[in-house]
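> I need the structure of the sequence given here:
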Amino acid sequence: MKKYLLTLIFLLISSAIFANEKGDMFLAPKAGIGFSIPPEIYLNANSDWATVLNIGIAFDYFFIDKFAFTTELLYEYQPMHYNYTFFNATHIFNFNYITIPMGVRYYWKYVLAGTGLYYGIKLKNKEALREEGTTNTIGSLDDKNDIGIFFDFGLNLKLFETNNLSIYARYKYGFLELIEEYPLRTNTLTFNIAYGFKF
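Residues are numbered from 1 along each chain as shown. Next up, the predicted model:
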């Protein structure tokens, strides 16, 4: 663990600070992992954190110095888990989306911070019941596309003259109930990494 911390500190000290200027553009493959935090209001079950994943590509355009328009094209796997209190089973909602976040970021020295809105296009989503280690699919979900807000905060490091590495946390909250029968909303926290190419 100490080795990884020392490596991160070395990168922070040795990497030059990006002086992002108007007109700069970056294209970055990215990936993230985190957890969903479902609301505590589903029937007689307790919500449980579930692992969420995303992968895709990000684009930044600096419309003025230090401020960038940011957008992404992502595949996101976003399950929600509920544990029944009266018998040993977990109700699983498997949500999959093609997500397009759009917003604004501020870059200052090593720090990045941003916010914006996202639109999630639903894919084939299903619900399942896991009981005694066995997961059985119940059926397809009659869910909706998702709309919400996101907030980013993290580090932006210059590795080479035309490349940067962004490591940041993203919190997402959905405005819409995803299924009519259940008041489920997107509520996730992910930790992301993106490797940018300046062009």
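> packing partners of the host helix or strand of residue 149?
Here residue 149 is covered by strand 146-160, with elements defined by DSSP states H and E. Where contact means 3 or more CB pairs under 8 Å, 6 or more residues apart in numbering; DSSP states H and E, strand 146-160 is packed against helix 2-14, strand 96-108, strand 111-122, strand 163-174. All C-beta spots, glycine's among them, are computed from the backbone N, C-alpha and C.
> residue 40: what secondary structure?
With DSSP: H, G, I helix; E, B strand; the rest coil as the basis, residue 40 sits in coil.
> hang on, isn't it packed against residue 46?
Yes. Counting by CB atoms under 8 Å, residue 40 touches residue 46, with 7.1 Å between them.
> compare the two (neighbour count), which wins?
It is residue 46, of residue 40 and residue 46, that has more neighbours when counted by other CB atoms under 10 Å, with 13 against 9.
> list the beta-bridge partners for that one.
Counting by DSSP bridges, residue 46 forms beta bridges with residue 83.
> for it, give me the pLDDT.
The model reports residue 46 with a pLDDT of 77.
> equivalent analysis for residue 197, please.
93.
> then residue 182?
Value listed for residue 182 in the pLDDT field: 71.
> parallel or antiparallel, list what pairs with the strand holding residue 149.
In the sheet, strand 146-160 lines up with strand 111-122 (antiparallel), strand 163-174 (antiparallel) (DSSP bridges).
> for the protein, which element, helix or strand, carries the lowest mean pLDDT?
Across the helices and strands of the chain, mean confidence by mean pLDDT, DSSP states H and E is lowest for helix 2-14: a mean of 55.
> which residues are in contact with the following helix or strand past it?
Beyond helix 2-14 in the direction of the C-terminus, DSSP H and E gives the next helix or strand as strand 25-36. The contact list for strand 25-36 (CB atoms under 8 Å, 6 or more residues apart in numbering) reads 49-62, 68, 72, 74, 78-81, 164, 166, 170, 186-199.
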